[in-house]
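Q: Pasting a predicted model and its sequence here:
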Amino acid sequence: MTTDARDDDDPNRVQFNENGTLDEVCSTRGAHLEHMHGSHWFLSFQHPDGTSSAFWFTSKDLKRPFWETREASKQPDEEPA
């Protein structure tokens with residue numbers, strides 16, 4: 001998993017903008033988003049190496065988020081041994 005580096009080819013990454021704000025989190029093993037209370041949220045991602053990334057944040061915009069269903073990825077889930 002890549003952290004901080006701008007490696008857009010790594011499917012398991014946590015990337016930050018130059019000002020330190022979160023840019024994106026990508027994971028091939030699953031995610032969990034939970035509304036805690038008020039505008040507080042919890043988000044975690046599981047990575048193939050057994051690690052996870054967890055985020056606690058606030059957002060009023062997630063009360064009615066835009067969502068879409070996407071087709072399955074054409075890339076293999078596991079890297080060849």
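A: Everything's here; your move. Residues are numbered from 1 along each chain as shown.
Q: where along this protein do the strands fall?
A: Taking DSSP state E as the test, the strands found in the chain are 2-3, 13-16, 22-26, 31-37, 40-46, 52-58.
Q: Glu68 is nearest to which of those strands?
A: Evaluated with Cβ to Cβ, the strands of the chain place strand 31-37 nearest to Glu68, the distance being 15.0 Å. (C-beta placed from N, C-alpha, C; glycine too.)
Q: Okay, and the beta partners of the residue nearest in space to the middle of the chain?
A: For the chain, Val25 is the residue whose C-alpha lies nearest the centre (Cα atoms, centre = their mean; 3.1 Å). Bridge pairing for Val25 (DSSP bridges) gives the partners Val14.
Q: My understanding was that it contacts Arg13; is that so?
A: Yes. Using Cβ atoms under 8 Å as the test, Val25 is close enough to Arg13 to be in contact (7.3 Å).
Q: lowest-pLDDT helix or strand in this structure?
A: For the chain, the helix or strand with the lowest mean confidence is strand 2-3, at a mean of 54 (criterion: mean pLDDT, DSSP states H and E).
Q: tally of neighbours for His47?
A: Applying other Cβ atoms under 10 Å, we find 19 other residues in the vicinity of His47.
Q: Repeat that for Gln46.
A: 16.
Q: Equivalent analysis for the one 4 residues further on, please.
A: Applying other Cβ under 10 Å, we find 7 residues neighbouring Gly50.
Q: again, but for Asn12
A: Asn12 is flanked by 19 other residues according to other Cβ under 10 Å.
Q: And for Val14?
A: Here the number of neighbours of Val14 (other Cβ under 10 Å) works out to 20.
Q: Show me the shaky parts of the chain.
A: Counting by pLDDT under 70, the chain shows low-confidence ranges at 1-7, 61-65, 67, 69, 73-81.
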